[in-house]
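A.B. asks: Provided below are the primary sequence and the corresponding predicted coordinates.
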Amino acid sequence: MHRLRELPRRALSLLAYQFYAKPRITRTDSVKMRGFDISVPPTVFHPALYFSTRLLASHAGRLDLASRRLLDMGCGSGLVSLVAASQGARVTAADINPVAVAATARNARVNSLADRIDVLESDLYESIPCEKFDYILFNPPFYTGIPVRNEDYAWQCGPGYETIRRFIRSTPQYLAPAGRLLMVLSTVMDLDAIVSFFGPDGLQPGVEKKERMFFEDFLILSGTFPPASRTPGHAAPRSENLLHPGA
């Protein structure tokens, strides 16, 4: 049954890529999103073509970010950073792709928000200053291939979702005690495997939002420190209950 549902999604994705996305990702594209002028060079994940960035930016737009410290991991062209900075957040934007780093810096300048956005080239937390963030947002790669070229890092996160595993395991060191991790996921991924990366003594996962888009569901997974009353070693919610509450 899963394979039958997957066929139309793959067919639609292939058609959309060939006739709509491909002409726009092989050149520098200029778009206006949420009131911002965005330049998207080749190899950088295009925020107007893929729903995950729009979902995360929309969610960020509803947060109380005044005077908050926010980390935009995998910033791409910087749309989420621009939304957060425009609402008063002090933003650190990071990406492993140097072209994305340059694009975010450029877009911050063009939109007069460079004074609120620090942009770093970093493999996850490798080059992130050791500080505590109130919010850490991540639109991760959805597929398990091995990245080789710059553009691959937006799509492939290594065998067994290694990039996401490293990110979740390292996040508690950078998250403020009352802070929140927010990450976009999709039902094309092995969601149960990803939730299993939250260890019993780490962040507690939850689902903040879920939206249907054609043949897949997108969700925003949160991670927060458990209440002080929760005893060390207490198991996090089982993933099948968290992601499939009706199961």
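C.D. replies: Looks like it came in fine. Treat the numbers as computed from the prediction; the structure is a model and nothing was measured.
A.B. asks: Return the residues in contact with N150.
C.D. replies: Neighbouring residues of N150 by Cβ atoms under 8 Å, 6 or more residues apart in numbering: 43, 97-100. Backbone N, C-alpha and C define where each C-beta goes, glycine included.
A.B. asks: could I get these as TSV with distance to Q156, neighbour count and pLDDT?
C.D. replies: Supplementary listing: the contacts of N150 in TSV, determined by distance: Cβ to Cβ, whole Å; neighbours: other Cβ atoms under 10 Å; pLDDT from 0 to 100:
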residue	distance to Q156	neighbour count	pLDDT
T43	13	18	94
N97	12	23	97
P98	17	11	97
V99	16	18	97
A100	15	28	97
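A.B. asks: Which two of the residues you listed have the greatest separation?
C.D. replies: Greatest spatial distance in those: T43 and P98, 9.3 Å, computed using Cβ to Cβ.
A.B. asks: which residues of this protein fall in strands?
C.D. replies: Counting by DSSP state E, one finds strands in the chain at the ranges 29-33, 36-40, 69-73, 90-95, 117-121, 133-138, 175-186, 204-213, 216-224.
A.B. asks: Going by neighbour count, which residues in the first one are buried?
C.D. replies: Buried positions in strand 29-33, judged by neighbour count with 16 or more other Cβ atoms under 10 Å: 29, 31, 33.
A.B. asks: backbone phi and psi for the spatially most central residue of the chain, please?
C.D. replies: Geometric centre of the chain, nearest residue: N139, 1.4 Å, by Cα atoms, centre = their mean. Torsion angles at N139 (phi, psi; degrees, to the nearest 10) stand at phi -110, psi 90.
A.B. asks: Would you agree it is in contact with L79?
C.D. replies: No: using Cβ atoms under 8 Å, N139 is not in contact with L79, being 9.6 Å away.
A.B. asks: on that earlier part again, can I get the strands of the chain in a markdown table with mean pLDDT?
C.D. replies: Listed next are the strands of the chain as a markdown table, based on pLDDT from 0 to 100:
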| stretch | mean pLDDT |
| --- | --- |
| strand 29-33 | 95 |
| strand 36-40 | 98 |
| strand 69-73 | 98 |
| strand 90-95 | 98 |
| strand 117-121 | 98 |
| strand 133-138 | 98 |
| strand 175-186 | 97 |
| strand 204-213 | 92 |
| strand 216-224 | 95 |
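A.B. asks: So which of those is nearest N111?
C.D. replies: strand 36-40 (5.1 Å).
A.B. asks: quick one, what contacts A178?
C.D. replies: Counted by Cβ under 8 Å, 6+ apart, A178 has contacts 134, 225.
A.B. asks: G206 contacts P226, correct?
C.D. replies: No: the criterion here is Cβ under 8 Å, and G206 misses it with P226 at 10.8 Å.
A.B. asks: Please tell me how far A102 sits from L137.
C.D. replies: Taking Cβ to Cβ, to the nearest Å as the measure, A102 falls 20 Å from L137.
A.B. asks: neighbour-wise, which of these two wins?
C.D. replies: Higher neighbour count among A102 and L137: L137, with 28 against 16, using other Cβ atoms under 10 Å.
A.B. asks: Please report the distance of the more buried one from F214.
C.D. replies: From L137 to F214 the distance is 24 Å (Cβ to Cβ).
A.B. asks: same check, this time on D29
C.D. replies: 22 Å.
A.B. asks: Flag the shaky bits of this structure, pLDDT-wise.
C.D. replies: For the chain, the stretches with pLDDT under 70 are 1-25, 228-247.
A.B. asks: Do a quick rundown of the helices in it.
C.D. replies: Here the chain has its helices, by DSSP state H, at 2-16, 22-25, 51-60, 79-86, 98-110, 162-170, 191-195, 239-243.
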